[in-house]
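In: need a structure here:
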Amino acid sequence: MKKTLSVVLVLMLTFALLAGCSSPSAPATTPEPAPAPEAPSDDTGIVKIGLGHITTIDKSKDLGVDKDGKDVLPLGQVDTIIAAVAFDKDGKVVKVTIDNAQTKVNFDKDLQVTSDLKAEYKTKVELGDAYGMINASSIKKEWYQQIAELEKWMIGKTVDEIKAMKTVEKDASHPAVPDVPELTSLVTVSVEGYIAAVEEAFKTAVEVQPGAVSLGLGHNIAIDKSKGYSAKDGQEVLPLAQVDTVMTATAFDKDGKVVGTLIDNAQTKVNFDKEGKVTTDRKGEFKTKVELGDAYGMINASSIKKEWYQQIAELSKWMVGKSVDEIKAMKTVEKDASHPAVPDVPELTSLVTVSVEHYIEAVAEAFDNAK
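Out: Now for the predicted structure:
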């Protein structure tokens, strides 16, 4: 009995000692939550945007007859290639959209304009399947499909790498068809003009504010300043095919606000004599209003003594930080029939006196087309 009691006492003492030596319990803690998954970055790497363009009139035609004796009617044809391109800090292409405004002004044998002066004129991309190249295509792809493949190929490359593309001459009309494995079954159009437009976009690129996630190409085309031949009261008016191609490359942030935009206008004239012969140099260099700079000559008629390129730069600055809806809501005033929408906002009244409706339309289209 005593032995049993001794054992019990020893055990009780041992437990007491162990309890006294143990550390006090740590207070209960709430487990730290697992880190939230990182949100996708809005940073596409865009630091600059450029607007490139190449204009030619060499497909224009004189009044005459062809080799089979059939009548050839006068034609003023203006082809303007447009490229909106975004570049990263290393000069590599991040975004690119290429299009071609192939605009025709037709005349009859009396040298009167037969094209609809008020019609909507579409680019090759806008025409889509209606352009009709697929029937003559060895790979059964339309122009817009082929240019989309070329754009994809350009992504991630520098302009030097793009210019170094291996090409082959298919015929006189196709001197530079891609000859690289990635494109031989996808692109059979000649690409020299498109590459030149992208190169120009790079050379004239400007920095944009941080946060650009998309880039759009916008444009609108008008031929309403074209004229047929007339002679009245000793005043002779010679035939003129005039194509005005407004174009813009505009970058937007994730909220759809403009972070940078470039706007230009290719005002291209094809002149004819009274016999219906083209008198404009078919191989000439055709510059836009921005490229003409002071040579455009608007300053002499400007009430604020600013050239076109200076005024369009101020309009572009005003657009930065605004949504397309805010831009379209700009208050304007009609100065005269040729200036139906001149800015009427305090920031621009002393800086912009040109009519801005077509430029705003082009930026709105750029937003709709942005990618």
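In: what residues are up against residue 77?
Out: Taking C-beta atoms under 8 Å, 6 or more residues apart in numbering, we find residue 77 in contact with 57, 59, 60, 61, 102, 103, 104, 105, 241, 270. Just so you know, the C-beta spots here come from the backbone N, C-alpha and C atoms, and that holds for glycine as well.
In: tabulate the residues you listed (JSON lines), appending neighbour count, distance to residue 86 and pLDDT.
Out: As requested, these are exported to JSON lines (neighbours: other C-beta atoms under 10 Å; distance: C-beta to C-beta, whole Å; pLDDT from 0 to 100):
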{"residue": "57", "neighbour count": "22", "distance to residue 86": "30", "pLDDT": "98"}
{"residue": "59", "neighbour count": "13", "distance to residue 86": "31", "pLDDT": "97"}
{"residue": "60", "neighbour count": "21", "distance to residue 86": "34", "pLDDT": "98"}
{"residue": "61", "neighbour count": "19", "distance to residue 86": "38", "pLDDT": "98"}
{"residue": "102", "neighbour count": "19", "distance to residue 86": "25", "pLDDT": "97"}
{"residue": "103", "neighbour count": "22", "distance to residue 86": "26", "pLDDT": "98"}
{"residue": "104", "neighbour count": "17", "distance to residue 86": "31", "pLDDT": "98"}
{"residue": "105", "neighbour count": "24", "distance to residue 86": "33", "pLDDT": "98"}
{"residue": "241", "neighbour count": "29", "distance to residue 86": "34", "pLDDT": "98"}
{"residue": "270", "neighbour count": "24", "distance to residue 86": "33", "pLDDT": "98"}
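In: which of those residues sits closest to residue 361?
Out: residue 103 (16.7 Å; C-beta to C-beta).
In: isn't that closest one right up against residue 243?
Out: Yes. Here residue 103 lies in contact with residue 243, judged by C-beta atoms under 8 Å, at a distance of 4.7 Å.
In: for the stretch 51-200 of the chain, what spans make up the strands?
Out: 64-65, 71-72, 75-87, 93-106, 167-168, 177-178 (DSSP state E, counting those that start in this stretch).
In: pick the most deeply packed of the ones you listed.
Out: Most buried of the strands of the stretch 51-200 of the chain by mean neighbour count (mean count of other C-beta atoms under 10 Å) is strand 75-87; its value is a mean of 25.
In: residue 139: which of the strands of the stretch 51-200 of the chain is closest?
Out: strand 177-178 (11.1 Å).
In: what packs against that closest one?
Out: Using 3 or more C-beta pairs under 8 Å, 6 or more residues apart in numbering; DSSP states H and E as the contact test, the elements touching strand 177-178 are strand 167-168.
In: tell me what residue 250 is bridged to.
Out: residue 216, residue 261 (DSSP bridges).
In: relative to residue 116, how far out is it?
Out: 29 Å (C-beta to C-beta, to the nearest Å).
In: of these two, who's got more company?
Out: Counted by other C-beta atoms under 10 Å, residue 250 and residue 116 do not tie: residue 250 has more neighbours, with 33 against 11.
In: isn't that one up against residue 214?
Out: No. At 9.2 Å, residue 250 does not count as touching residue 214 under the criterion of C-beta under 8 Å.
In: now for the two: what residues contact both?
Out: In contact with both residue 250 and residue 214: residue 370, using C-beta under 8 Å, 6+ apart.
In: tell me where the stretch 51-200 of the chain has helices.
Out: 124-127, 143-154, 159-163, 192-203 (DSSP state H, counting those that start in this stretch).
In: how about the second one: buried residues?
Out: It refers to helix 143-154. Neighbour-count burial for helix 143-154 flags 143, 144, 145, 146, 147, 148, 149, 150, 151, 153, 154 (criterion: 16 or more other C-beta atoms under 10 Å).
In: now do it against strand 75-87, angle only.
Out: Helix 143-154 and strand 75-87 are oriented at 30 degrees to each other (axes from the mean of the first three to the mean of the last three C-alpha atoms, to 10 degrees).
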